[in-house]
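Enquirer: have a look at this prediction, sequence included:
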Protein chains: 2
Amino acid sequence: MGVPTRLLVVGADGAGMSAAHQALRTARRLGRELEVVAVDAGRHTSYSACGIPYWMAGDVASGDDLVARTADEHRAAGVDLRLETEAVEIDRDGQRVRVRSASGESWLGYDELVLATGAEPVLPDWARTPGVLPVHTLDDGAAWRRVLDERSPRRALVVGAGYVGVEGAESLRRRGLDVTLVTRGHEPMSTTMSADMAAMVREALQRMGVRVVTGTTVESLETAADGRVGAACLGDHEEPVDVVVVAIGVRPRVQAAVDAGIPLGDHGGLVTDDHQRLADGVWAAGDCCEVYDRVLQEHWYTPLGTHANKAGRVAGTNVGGGDAAFAGSVGTAITRAHDAEVARTGMLPSWARERGLDVESVTLQSTTASGYMPEADPMTVQVLGERGTGRLLGAQVVGGRGAGKRIDVVAMALWGGMTAADVAAADLAYAPPFSPTLDPVAVACRKARRAPVGPPRAPGQ
Amino acid sequence: MGVPTRLLVVGADGAGMSAAHQALRTARRLGRELEVVAVDAGRHTSYSACGIPYWMAGDVASGDDLVARTADEHRAAGVDLRLETEAVEIDRDGQRVRVRSASGESWLGYDELVLATGAEPVLPDWARTPGVLPVHTLDDGAAWRRVLDERSPRRALVVGAGYVGVEGAESLRRRGLDVTLVTRGHEPMSTTMSADMAAMVREALQRMGVRVVTGTTVESLETAADGRVGAACLGDHEEPVDVVVVAIGVRPRVQAAVDAGIPLGDHGGLVTDDHQRLADGVWAAGDCCEVYDRVLQEHWYTPLGTHANKAGRVAGTNVGGGDAAFAGSVGTAITRAHDAEVARTGMLPSWARERGLDVESVTLQSTTASGYMPEADPMTVQVLGERGTGRLLGAQVVGGRGAGKRIDVVAMALWGGMTAADVAAADLAYAPPFSPTLDPVAVACRKARRAPVGPPRAPGQ
């Protein structure tokens, strides 16, 4: 037996710990000796950040419920896990990382390095005001629960209307707060949904009583006598608020990598090859990375737990001596806004047109179940196809219960490079509680399939 | 303008009327003259037979709600529709069909003939007893509603535990009847689900109070003093019953075609080419036909509204002068049994083994949403892959709300000839209310992907 290979994992959330365990499993299977050290600046491991809005809402009783695997479980499985230990410098020539913890600084050597440093919320200056919190880490969630449970705030402002903003607004409204959601876009979720579909998200939020203010940014916040946030300046209007969710986006946490000379991609993230390799012996996975989008055929920044998990496993397999590749994404995402399930995959019509594609967008109004069933809720499906080839480029769904996960049909079609005609003909499950005779996604694809080659429509038409 | 082509459609339900309208649309688009006559022995057109159990249950108020398009609507759209007109003889040489109605018999000539005669329930001798009814036509549904609303029966026997039997049992139980479901199989749905998955269907029915009797057939029925059914002999046991659902299967209604010399397939249905053509100028679509199964690579009898609609459209397009092909099925089906959504696609493990395939079946226990969410219901996914190649061969799902339509992910994979590894890697929608971080279908496929080549397991293992 030789000296074991030492893997150092920086970041102990989904991607990092997937990599750690998969490396151990693979090495064990191949009879290799591997020693795994993982460091994380925070106090928690392997938790569902996506679950935090539901913890805020009261669906989830405790932050512990969001932890998929505790530090002790990781250690019992053979990972030397060191929490509250920040990686501050990567010395690639020396194959070591300088870490800082309460007990001081030290260098940790490695043979293989996995960077899984995740993302950090974008925080404007006004976000430093007490009463303003992001929805990003388990500590953020705990802080939110303390504020909500102990201070009983009445008025909330949610700044930013992407997934986190929409979910945060829903959660706070369900807790009974007066909620204003402000976005600089024309609609909520306008960067990932078409305007007409995004309008339905706004309407759903409005149905539950959320006030939606579009085309507006927060100029500044005013503090109350107790030093906590008391009002927000929205354009020329001042609105009293007790708490503020800052959810204007996240960016990859890559400072240590940048300082070590690792280049960034166009979207500010690390760009690995399909084996999650950055360089010899240096790997990366998770929200610090860009992800290859198979539809756009370029790297894109889509921080999401599914990609992080899968990419982490791929990195771990390769570190452990196996051979795995991450096949990328097609841009699938889903959320819930009150009574609306909201999902998307692939390109927006505007993205396709920017890329010079001749496309046809078909929007279909239908129902989640056969129209005569009590389960039937309205559902709108929008499908984007390329004229002439019939190639499927994307889809969006907004509708009642059972609508959202239908996006997976198009996600599978995009994954397999299928045409709209393929989906139109596919054998999708039908019974009255679940679908009209022909699934609305298939019907929308049938209509998109027919699009003849022609001049592109002007944007907005 | 020449003499218009005359299309005669025999059978005015989903397949026939899809063919009729699609033929008219296609002919109009191509500038052809087409005259369409449609005959049907019954009194109704274009209704959802699948909806009848839900009409019985009270979910649907009126049989009219199940009618997608009325006779008048068909006529307004240009179809010469003749109801209560039975096709009794096809004279292929003379290109004419003898029809019988209240006003007598006559011959209707055609240039193109579409046979869309549907299926008929298998009715044993004891099914002639008053109080015994199938669940097949709108008239059956009306008869059921009369019995249930006016006679208030207390005890129901459901004979046969396929989709119709399970749905009938659920409906009658929801109406408050004592329900016994009897099947000669080892479990309900045992012809289309694996034994372990079918056991979950039985348990769901039992949870709602349905008594499930397996491995048993109805020997005979006893009548009560009023001449209606009063008891059923199940093996050596006699059980008092007030009403009986006969749901032991359907068979293609093909007598007129057989008499005209048209051959049948191995499953007793008409076998067309992929254009839905039986012979020059003779076409067929819907439940009188077998359907090409892309996974089995053979024709199979899968009577279902989705196939009927699609095949009817294909026949109509071709009759109208266009060119369309029906791409077949992959054996997808779904139903609900109380609190369980039940879905399947592709092969059963036993079917694969009968065909000499070396397969691995993976069963995964998971949840419909992230485990910490209140929406999370148990869900079991079974995936069948071919060892060595990793080719996906089928899947089954039983679980709570949101489980069933997940089968469409595997249906799409089967449709596109993907492997289990493809599904494992695919970008499926994730957010806590909708899925664990990795979709259970993808996780099951990841486990199936790993199956090494090896000796086939013995059946039942």
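Expert: Yes, it's here.
Enquirer: taking the centroid of chain A, which residue is nearest it?
Expert: A:Leu304 (3.3 Å; CA atoms, centre = their mean).
Enquirer: got the contact list for that one?
Expert: Applying CB atoms under 8 Å, 6 or more residues apart in numbering or on different chains to A:Leu304 gives the contacts A:287, A:329, A:333, B:430. Using the backbone N, CA and C atoms, a C-beta is placed for each residue, glycine as well.
Enquirer: quick one: the first one and A:Pro436, what's the gap?
Expert: Computed as CB to CB, to the nearest Å, the A:Asp287 to A:Pro436 distance reads 38 Å.
Enquirer: tell me which of these two has more neighbours.
Expert: Looking at A:Asp287 and A:Pro436 with other CB atoms under 10 Å in any protein chain shown, you find the greater number of neighbours at A:Asp287, namely 28 against 24.
Enquirer: ok so the more buried one is a helix residue?
Expert: No. When classified by DSSP: H, G, I helix; E, B strand; the rest coil, A:Asp287 is found to be coil rather than part of a helix.
Enquirer: wait, doesn't it sit right on A:Leu115?
Expert: No. With contact defined as CB atoms under 8 Å, A:Asp287 does not reach A:Leu115; the gap is 11.0 Å.
Enquirer: near chain B, which residues of the stretch 101-250 of chain A?
Expert: With CB under 8 Å from any CB of the partner chain as the criterion, the stretch 101-250 of chain A comes near chain B at residues A:Tyr163.
Enquirer: quick revisit: measure the residue nearest to the centre of chain A to A:Asp64 for me?
Expert: 23 Å.
Enquirer: which stretches in the stretch 201-350 of chain A count as helices?
Expert: Remark: helices assigned in the stretch 201-350 of chain A by DSSP state H, counting those that start in this stretch are A:255-259, A:305-319, A:349-354.
Enquirer: with mean pLDDT and mean neighbour count as extra columns, can I get those helices in CSV?
Expert: Shown next, in CSV, are those (pLDDT from 0 to 100; neighbours: other CB atoms under 10 Å in any protein chain shown):
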stretch, mean pLDDT, mean neighbour count
helix A:255-259, 97, 16
helix A:305-319, 97, 28
helix A:349-354, 96, 18
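Enquirer: closest to B:Ile248 out of those helices?
Expert: With CB to CB as the measure, helix A:305-319 is the member of those nearest B:Ile248 (44.6 Å).
Enquirer: what about the closest one, near chain B?
Expert: Yes. Helix A:305-319 lies within reach of chain B by CB under 8 Å from any CB, at A:305-307, A:309-310.
Enquirer: what's the answer for stretch A:361-378, then?
Expert: Yes. Using CB under 8 Å from any CB, stretch A:361-378 reaches chain B at A:370, A:372-374.
Enquirer: got the buried residues for that stretch?
Expert: Neighbour counts over stretch A:361-378 (16 or more other CB atoms under 10 Å in any protein chain shown) mark A:361-362, A:364, A:366-370, A:372-373, A:375-377 as buried.
Enquirer: convert that stretch to PDB, retaining C-alpha atoms only.
Expert: Taking C-alpha atoms only, stretch A:361-378 is exported to PDB below (Å, rounded to 0.1, in the frame of the first residue of the first chain):
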ATOM      1  CA  SER A 361     -43.900  30.300 -30.200                       C
ATOM      2  CA  VAL A 362     -47.200  28.600 -29.600                       C
ATOM      3  CA  THR A 363     -49.300  29.300 -26.500                       C
ATOM      4  CA  LEU A 364     -52.100  26.900 -25.500                       C
ATOM      5  CA  GLN A 365     -54.800  27.400 -22.900                       C
ATOM      6  CA  SER A 366     -55.800  24.000 -21.500                       C
ATOM      7  CA  THR A 367     -56.500  22.200 -18.200                       C
ATOM      8  CA  THR A 368     -54.500  20.000 -15.900                       C
ATOM      9  CA  ALA A 369     -57.100  17.200 -16.000                       C
ATOM     10  CA  SER A 370     -60.000  16.400 -18.400                       C
ATOM     11  CA  GLY A 371     -62.200  19.500 -18.500                       C
ATOM     12  CA  TYR A 372     -65.200  17.800 -16.900                       C
ATOM     13  CA  MET A 373     -63.200  16.700 -13.800                       C
ATOM     14  CA  PRO A 374     -63.300  18.600 -10.500                       C
ATOM     15  CA  GLU A 375     -59.500  18.400 -10.500                       C
ATOM     16  CA  ALA A 376     -59.200  20.400 -13.800                       C
ATOM     17  CA  ASP A 377     -57.300  23.600 -13.200                       C
ATOM     18  CA  PRO A 378     -56.400  26.100 -15.900                       C
END
